[in-house]
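Asker: Fold the following.
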Amino acid sequence: MKFDKINIKEGFMKENNFILKELTKEKCILEYKVKKSGLNPYGIIHGGLLFGLADSACGILSRNNNNLCVTTNASINYLNVCKDKKIIAIATIIKSGKNLGYYKCDIYDEHDNIIACANINLYYLDK
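Answerer: Model prediction:
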């Protein structure tokens, strides 16, 4: 699948300035260049934005493996605050079955410090 079919030109990814940096069958890397609109009142990246980044990375990875999907369950652990200018989400497949997939996504700051880790279950709509 080509980047242009996944790099959505409108909607959630565009509005949040998520940038697709790398995509293989095993891994999806998204980048977010921090904007003021993505910060919470304390000046750190909003947890909802981190969750959206992780969910998007896992969904793109699933789609790149020809699975139309929706999230059925997800959890995220916020491990460190981040005040950097850029964060990177790396999604990988843990297990993919007939109807469900289990994915993980780790989010790092630009100094390779882990910020958050998410576990996301996806239901495949087209199976």
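Asker: Now do the strands in the protein.
Answerer: For the chain, applying DSSP state E gives strands covering 18-23, 27-33, 69-78, 86-96, 100-109, 114-124.
Asker: Which one, of these, ends up nearest to Ala57?
Answerer: Evaluated with C-beta to C-beta, those place strand 86-96 nearest to Ala57, the distance being 3.7 Å. Using the backbone N, CA and C atoms, a C-beta is placed for each residue, glycine as well.
Asker: what's the angle between the closest one and strand 18-23?
Answerer: Counting by axes from the mean of the first three to the mean of the last three C-alpha atoms, to 10 degrees, strand 86-96 lies at 50 degrees to strand 18-23.
Asker: which neighbours does strand 86-96 have in its sheet, and in what orientation?
Answerer: strand 27-33 (antiparallel), strand 100-109 (antiparallel) (DSSP bridges).
Asker: Which one of these lies nearest to Leu20?
Answerer: Per C-beta to C-beta, nearest to Leu20 of these: strand 27-33, 6.1 Å.
Asker: who touches the closest one?
Answerer: Strand 27-33 is contacted from outside by 16-23, 38, 49, 53, 56-58, 60-61, 64, 85-92, using C-beta atoms under 8 Å, 6 or more residues apart in numbering.
Asker: swap in stretch 93-112?
Answerer: In contact with stretch 93-112 (C-beta under 8 Å, 6+ apart) are residues 26, 50, 53-55, 57-58, 61-62, 65, 67, 69, 72, 80, 82, 84-92, 114-124, 127.
Asker: how near is the closest residue to Ala116 other than its chain neighbours to Asn17?
Answerer: Spatial nearest neighbour of Ala116, chain neighbours left out: Ile107 (4.5 Å); criterion: C-beta to C-beta, 6 or more residues apart in numbering. Separation of Ile107 from Asn17 (C-beta to C-beta, to the nearest Å) stands at 15 Å.
Asker: Looking at the two, which is more packed in?
Answerer: Comparing Ile107 with Asn17 by neighbour count (other C-beta atoms under 10 Å), the higher total belongs to Ile107, at 27 against 13.
Asker: Please check the contacts of strand 27-33 and keep the buried ones.
Answerer: For these, a burial check counting by 16 or more other C-beta atoms under 10 Å picks out 16, 18, 20, 23, 38, 49, 53, 56-58, 60-61, 64, 87-91.
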